[in-house]
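J.: After the sequence you'll find the predicted model.
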Amino acid sequence: MDSPLRPSQALSAASSLFNGERLTMARQLAGLKKSHLATLIEMSPASVTSWESGAKQPNRATVAKLALALRVEPQFFGGGSPPKVNKPHFRSLRSTPQIAQDEAEAYGRFVAEVSGMLENAVEFPQALLPDLPVDPDERTMTPEDAAKAAREFFGVVPGPIQHVVRLAERAGVVVVFSEPGVAAIDAYSLHTATRPVIILNPVKDDYYRQRFDVAHELGHLIMHHDAEPGGKVAEEQANRFAAEFLLPAEEIAPLLPSSTAGRAWAQLAELKEHWGVSLAALLYRARTLGVMGDVSYRNAVIRMSQNGWRRAEPGRISSLEMPSMLPRAREVLGEAGINDEDFLAGSGLPSALYAIAASRVPTAAALEPAQ
């Protein structure tokens with residue numbers, strides 16, 4: 001690991017090697033507009049724009065102000081360009097403010113950069129996803145076709161997928177929880193220059209829905225290299241992919257009830273636990289496969305609402321599927337005597353954000369240091 005520079009050296013290096021793209025990344029990670037950052041450092045928005053574009057470079061005193069305002073070390077600004085990433089796939093692009101979109105994309109860049117650093121020290125699985133493009137018209141392939149092909153590609157045996165996050169990580173996908181600033185955004189995914197990334201919402205504390213989220217994002221990564229993120233068609237296709245991926249039609253259709261009469265709710269509850277999906281997903285699957293008619297489906301949804309299950313369903317499993325690729329790499333470094341501070345030395349990357357990205361669990365517990 002790099003030897004840490006003295007503060008004066010760090011400032012000199014950061015100002016002489018200042019990279020405007022990294023200022024943009026740090027500002028977006030902090031969830032700030034240019035005008036807000038300018039106010040914090042008592043400079044003009046035009047100055048911030050000129051630094052980010054590379055037209056001008058800030059002096060040492062200004063670099064120190066920027067680092068303080070954005071909660072990064074000065075060295076952060078002297079690194080190379082941030083990793084290139086595609087636009088993230090968000091569920092509700094129109095309802096997601098631009099500042100939140102920017103923050104989410106910047107966090108994706110951060111995760112890609114940290115992953116690259118960890119991979120230099122610890123061996124990761126090869127990034128290997130099937131490339132199964134599905135266009136809006138579905139002329140050559142449907143999402144269901146892609147899901148069947150993906151199950152075959154991953155070697156999934158008939159029946160439920162036991163651990164969706166682990167399956168994604170074995171294919172080289174980096175799976176992390178998001179940082180608190182973008183917790184209002186649902187799960188999202190993006191391709192980076194090195195590895196595909198899936199970012200999970202830490203607030204969505206539901207094992208069954210989380211599994212569907214991961215399958216949905218896998219669908220985007222596999223089907224939608226060129227699709228416009230957030231489009232209604234692409235989102236519906238990702239839902240259909242996830243449904244077929246987790247609940248193959250040929251296997252699940254004979255097991256689904258045609259109505260919710262009799263012991264149907266008990267039957268659905270058993271299917272929920274066996275297949276690891278929500279009651280809502282099972283009901284929707286029954287409807288889309290033609291097992292359950294519109295009236296029965298509508299009555300079932302009303303019953304779900306009356307029971308409060310649209311917000312929180314009953315279920316036996318309370319713990320989420322946990323990511324392990326980055327957390328295990330962090331643990332391996334810790335076992336070798338390299339703590340977070342040592343690992344990040346020279347990069348200027350914020351250690352609190354690294355702790356979140358490299359944690360097995362979401363929210364506050366992620367901030368506990370590695371032993």
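T.: Cool, got the structure.

J.: Please make it C-alpha for all contacts and neighbour counts, starting now.
T.: Fine.

J.: For beta bridges, what are the partners of the most centrally placed residue in the chain?
T.: For the chain, the residue sitting closest to the mean C-alpha position, by Cα atoms, centre = their mean, is I199 at 0.9 Å. Judged by DSSP bridges, the bridge partners of I199 are V176, Y188.

J.: For D131, see how far away it is.
T.: Here I199 is placed at a distance of 20 Å from D131 (Cα to Cα, to the nearest Å).

J.: thinking again about what came up before, the residue nearest to the centre of the chain contacts V175, doesn't it?
T.: Yes - counting by Cα atoms under 8 Å, I199 touches V175, with 5.9 Å between them.

J.: re earlier: ok, the residue nearest to the centre of the chain - contacts?
T.: Contact partners of I199, counting by Cα atoms under 8 Å, 6 or more residues apart in numbering, are G108, V175, V176, F177, S178, A187, Y188, S189.

J.: shouldn't the last one be in contact with N86?
T.: Which is S189. No - the pair S189 / N86 is not scored as a contact, 9.3 Å apart, by Cα under 8 Å.

J.: of those two, who's got more company?
T.: Legend: neighbour count by other Cα atoms under 10 Å for S189 and N86, higher for S189 (28 against 17).

J.: how close does the residue nearest to D294 when sequence neighbours are not counted get to V295?
T.: Using Cα to Cα, 6 or more residues apart in numbering and skipping the chain neighbours, the partner closest in space to D294 is R287 (6.9 Å). Per Cα to Cα, R287 is found 10 Å from V295.

J.: same check, this time on L23
T.: Counting by Cα to Cα, the gap from L23 to V295 is 55 Å.

J.: Equivalent analysis for L283, please.
T.: With distances taken as Cα to Cα, L283 is found 12 Å from V295.

J.: Comparing these two, which residue is more hemmed in?
T.: L283 (24 against 11).

J.: which SS class is the more buried one?
T.: State at L283, reduced to three classes by DSSP: H, G, I helix; E, B strand; the rest coil: helix.

J.: Could you find the closest non-adjacent residue to it?
T.: Once flanking residues are discounted, L283 sits nearest to Y297: 6.8 Å by Cα to Cα, 6+ apart.

J.: pretty sure F18 is touching G78, no?
T.: Yes - between F18 and G78 there is a contact under Cα under 8 Å: 4.7 Å.
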